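Student: here is a sequence together with a model predicted from it:
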Amino acid sequence: MAAPIVIHRPSPTGGRRVTIQGQIAGLAYNDADVVEFLRRAGLPDADDLLDQGDWVEWRGGRAHEYQAA
């Protein structure tokens, strides 16, 4: 089963698109942005989810890095 939260590869101009259950949540420039998107989606204690592979899939680039290489 795929993770419900996907943090996509860094864009050339910086930031990563975040989708939650296939819906675009926004463009994150840091972990705090991702946590805010998750809070708005109803997950108030999302800080602990970012490193849980069953919840979050980091695509392309390293986890927690938001600038393109």
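Tutor: In hand now; what should we look at?
Student: quick one: the helices in the chain?
Tutor: Ranges of helices within the chain are 31-40, based on DSSP state H.
Student: where does it have low pLDDT?
Tutor: Across the chain, the ranges flagged by pLDDT under 70 are 1.
Student: show me what contacts Gly26?
Tutor: Arg17, Val18, Asp33, Phe37 (C-beta atoms under 8 Å, 6 or more residues apart in numbering). Where C-beta positions appear, they are placed from N, C-alpha and C, glycine not excepted.
Student: format those as TSV; extra columns: neighbour count and distance to His64.
Tutor: Output for the contacts of Gly26, formatted as TSV (neighbours: other C-beta atoms under 10 Å; distance: C-beta to C-beta, whole Å):
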residue	neighbour count	distance to His64
Arg17	16	15
Val18	22	13
Asp33	17	12
Phe37	21	15
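Student: tell me the contacts of the residue nearest to Val18 when sequence neighbours are not counted?
Tutor: Leaving aside its sequence neighbours, Val18 sits nearest to Ala25 (C-beta to C-beta, 6 or more residues apart in numbering; 4.5 Å). Neighbour list for Ala25: Val18, Thr19, Phe37, Leu38, Arg40, Ala41 [criterion: C-beta under 8 Å, 6+ apart].
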